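**Student:** okay, structure incoming, though there's no sequence with it:
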C-alpha cells in the first residue's frame, strides 16, 4: 500500500495486515454490530441459520 499525505508527500510502501476471521457453518450464536462500536451477542433459532 502506498500513502500520499495531504501536502502530496509520497511515503514508501507499507504492508497492511488484516485480522483473521473464523466462520462456522450454520452458527446459532452471532455477534451483531449495533453501530457506534457496539456489538451484541445474539442467539438464533436453528431454522433461521439453515444454509448460512
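**Tutor:** Right, received. Where do you want to start? Computed from a predicted structure; not experimentally measured. Numbering: from 1, shown residues only.
**Student:** so which residue is dead centre in the protein?
**Tutor:** Taking Cα atoms, centre = their mean, the centroid of the chain lies closest to residue 21, which sits 7.4 Å from it.
**Student:** mind checking pLDDT for it?
**Tutor:** Per-residue confidence (pLDDT) for residue 21: 82.
**Student:** quick check: it vs residue 50, distance?
**Tutor:** Between residue 21 and residue 50 the distance, using Cβ to Cβ, to the nearest Å, works out to 21 Å. In short, each C-beta sits where N, CA and C put it, glycine included.
**Student:** now the residue located most distally from the centre of the chain: phi and psi?
**Tutor:** What lies farthest from the middle of the chain is residue 7; by Cα atoms, centre = their mean that is 31.0 Å. Note on residue 7: backbone dihedrals following degrees, to the nearest 10 are phi -90, psi 10.
**Student:** for residue 19, same thing?
**Tutor:** Torsion angles at residue 19 (phi, psi; degrees, to the nearest 10) stand at phi -70, psi 140.
**Student:** ok, residue 44 - how many residues close by?
**Tutor:** Using other Cβ atoms under 10 Å, residue 44 is surrounded by 14 other residues.
**Student:** assign residue 32 to helix, strand or coil.
**Tutor:** Recorded secondary structure, residue 32: strand (DSSP: H, G, I helix; E, B strand; the rest coil).
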